[in-house]
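Novice: Compute the structure for the input listed below.
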Amino acid sequence: NSRGASSLLKDSIPITEFSASESFEGHDLLRRGFRTVKSELLPSHPLELSEKNFQLNQDKTNFATLRNIQGLHAPLKLQMEFRAVKQVQRFPFLHSSNMALDTLRGHDECISFEDILNDPSQSEVMGEPHMMMEYKLGLL
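Specialist: Residues are numbered from 1 along each chain as shown. The predicted structure follows:
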């Protein structure tokens, strides 16, 4: 064969151009943690997608029921109140209990799994306050 070994490799294996800006700047490891390919492709369990959207589906059902019973104004008023309450937040490095949102949804009198085992003060992930504020304000 008159062709060299480098030309055989070149013909058999497609070589694509890699850009450093495309492959390394897409994921911020310090803020978002390690990326796993499996979690990006498929949910780990068939009910995982249903559980992720549980609150959204419950809100849609409640709004449809409320609209049928009281008319169009009742779900619109609740949606406006939800949006107003979600806009009020603490600094990014402080955990917000969202007590007003829990009160509007009726979860203020219930003790659930998240109330006991999801304590953010015991979380292992704590960011630096100055960096988090600069990131939120768009300075970084």
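Novice: So which bits of stretch 51-67 are buried?
Specialist: residue 66 (16 or more other CB atoms under 10 Å). For glycine as for every other residue, the C-beta is placed from the backbone atoms N, C-alpha and C.
Novice: contact partners of it?
Specialist: 50, 74-75, 78-79 (CB atoms under 8 Å, 6 or more residues apart in numbering).
Novice: Give me the mean pLDDT for the longest helix anywhere in the chain.
Specialist: Assignment by DSSP state H gives helix 54-70 as the longest helix of the chain. Helix 54-70 shows a mean pLDDT of 93.
Novice: Restrict the following helix or strand past it to CA atoms and write it as CSV.
Specialist: Using DSSP states H and E, the helix or strand that follows helix 54-70 in sequence is helix 73-87. Listed next in CSV are the C-alpha coordinates belonging to helix 73-87 (Å, rounded to 0.1, in the frame of the first residue of the first chain):
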residue,chain,number,x,y,z
HIS,A,73,-61.4,35.9,38.2
ALA,A,74,-60.5,33.5,41.0
PRO,A,75,-57.6,31.6,39.3
LEU,A,76,-56.3,34.9,37.8
LYS,A,77,-56.2,36.5,41.2
LEU,A,78,-54.4,33.5,42.7
GLN,A,79,-51.8,33.5,39.9
MET,A,80,-51.1,37.2,40.4
GLU,A,81,-50.6,36.6,44.1
PHE,A,82,-48.3,33.7,43.5
ARG,A,83,-46.2,35.8,41.1
ALA,A,84,-46.0,38.7,43.6
VAL,A,85,-45.0,36.4,46.4
LYS,A,86,-42.3,34.7,44.3
GLN,A,87,-40.7,38.0,43.5
